[in-house]
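Peer 1: Coordinates only, no sequence provided:
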């Protein structure tokens, strides 16, 4: 994969990031999301200190990520146990009909 320099603007600050082409597309979306989150916090919370705003934005985005991880987490062992239980119930039902 080729690396390229990606320029992004977040709250008026120009940043250059080295990334792959695929990462550049994703980082563009992330930059827009972060920029919007910071603007929302500025509007809602009436905070002037930019460091404080950026930390709150990072905290809120991290919280969103952790919630998504918990929602989308998949316990394979629990899934296998449930399949085994269902198989036993099906076998028992078939045996009762025979």
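Peer 2: Noted; the coordinates are in hand. Every value quoted in this text rests on a predicted model; they were computed, and no experiment measured them. Residues are numbered from 1 along each chain as shown.
Peer 1: so which strand or helix has residue 7?
Peer 2: Here residue 7 sits within strand 3-10, counting by DSSP states H and E.
Peer 1: What residues of the one helix or strand residue 88 maps to count as buried?
Peer 2: Using DSSP H and E, residue 88 sits in helix 76-97. Of the residues in helix 76-97, none count as buried by neighbour count, 16 or more other C-beta atoms under 10 Å. (Each C-beta comes from the backbone N, C-alpha and C, glycine too.)
Peer 1: can you list contacts of it?
Peer 2: Around helix 76-97, nothing counts as a contact under C-beta atoms under 8 Å, 6 or more residues apart in numbering.
Peer 1: Just the buried residues of stretch 40-54, please?
Peer 2: Result for stretch 40-54 [16+ other C-beta under 10 Å]: buried residues 41-42, 53-54.
Peer 1: Let me know the closest of these to residue 26.
Peer 2: Comparing the buried residues of stretch 40-54 against residue 26 with C-beta to C-beta places residue 54 closest, at 20.3 Å.
Peer 1: for that closest one, what are its contacts?
Peer 2: Per C-beta under 8 Å, 6+ apart, neighbours of residue 54: residue 38.
Peer 1: Just the pLDDT for it.
Peer 2: For residue 54, the pLDDT comes out at 89.
Peer 1: Sticking with it, tell me its helix or strand.
Peer 2: helix 50-72.
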